[in-house]
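**Q** Quick one: sequence plus predicted model below, questions after.
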Amino acid sequence: MRIDRVEDMTGIRFVWRPFSVKDIMIEMDNRPGSMPTKLAYLWRDLHRRAEMYGFAFDGEAPYPLRNFDLANRVAIVGAREGWCADYVRATYRRWFVERQECGAEPNLSYSLREIGEDPHRVIPLAGSDEIAAAYRAATGEARKLGIFGAPTFVARGEVFWGDDRLEDAVTWHQRGTLGAPRAP
């Protein structure tokens, strides 16, 4: 939800690359839903970070998502067409604030309409074999990069996992190190 602010402040443009974090987490047996203490921590951490950045979020959003793959396949279409970031922000706001599950109605159609996209065009496209193949390929690429969660940022080949590592990823992109700048 804050990447656009970081882009404006730094001039760095992020490339959104949707993939199935669910598939990767299952492969790693890393499913928060099967670990109640971890899931409770994740919700609490989300509340703290949302408050820190001034975002409205309390309670718990629907989880696990039943239509996770459709939500991500729509994001794949958006990445190809240039509206992925807007779609993700719209659908996540509805998910976390309005408690409407991503990839399900009414979230899916409302989010697409909000950003000026036609659900009657996008949803069937997201269900196509071409987008399914792109989604599998993106998940395979995430696996190869060593990504194990979301959000993850990759800068100069280094992986930074979690919203709290966004600034580290920016610094690494700019300087190739997290160390203090060295005098010339």
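**A** Sure thing, it's come through. What you see is a predicted model, and the numbers here were worked out from it, not measured in a lab.

**Q** Run the chain-centre distance for the helix or strand of the chain with the lowest mean pLDDT.
**A** Every helix and strand of the chain was ranked by mean pLDDT, DSSP states H and E. The lowest is helix 36-53, at a mean of 86. Taking CA atoms, centre = their mean, to the nearest Å, one finds the center of helix 36-53 at 16 Å from the center of the full chain.

**Q** Ok, stretch 38-55 next?
**A** The chain centroid and the centroid of stretch 38-55 are separated by 15 Å, computed with CA atoms, centre = their mean.

**Q** how deep is the closest residue to Trp16 other than its chain neighbours tucked in, by neighbour count?
**A** In space, and not counting its chain neighbours, Trp16 is closest to Cys84: 4.1 Å by CB to CB, 6 or more residues apart in numbering. Where you see a C-beta, it was placed from the backbone N, CA and C, and this is true even at glycine. Cys84: 21 surrounding residues under other CB atoms under 10 Å.

**Q** Touching, Cys84 and Gly78? I think so.
**A** Yes. Taking CB atoms under 8 Å as the definition, Cys84 is a contact partner of Gly78 at 3.6 Å.

**Q** where's Thr139 relative to Ala132, distance?
**A** Thr139 sits 11 Å away from Ala132, taking CB to CB, to the nearest Å as the criterion.

**Q** How about the contacts made by the most centrally placed residue in the chain?
**A** For the chain, the residue nearest the mean C-alpha position is Pro151 (5.2 Å; CA atoms, centre = their mean). Residues near Pro151 by CB atoms under 8 Å, 6 or more residues apart in numbering: Trp161, Gly162, Asp163, Leu166.

**Q** Look at Thr139 and Ala132 and report which has more neighbours.
**A** Thr139 (20 against 14).

**Q** dump the residue contacts of that one.
**A** Phe19, Ser20, Asp23, Ile24.

**Q** Would you agree the third one falls within a helix?
**A** Yes. Under DSSP: H, G, I helix; E, B strand; the rest coil, Asp23 sits within a helix.
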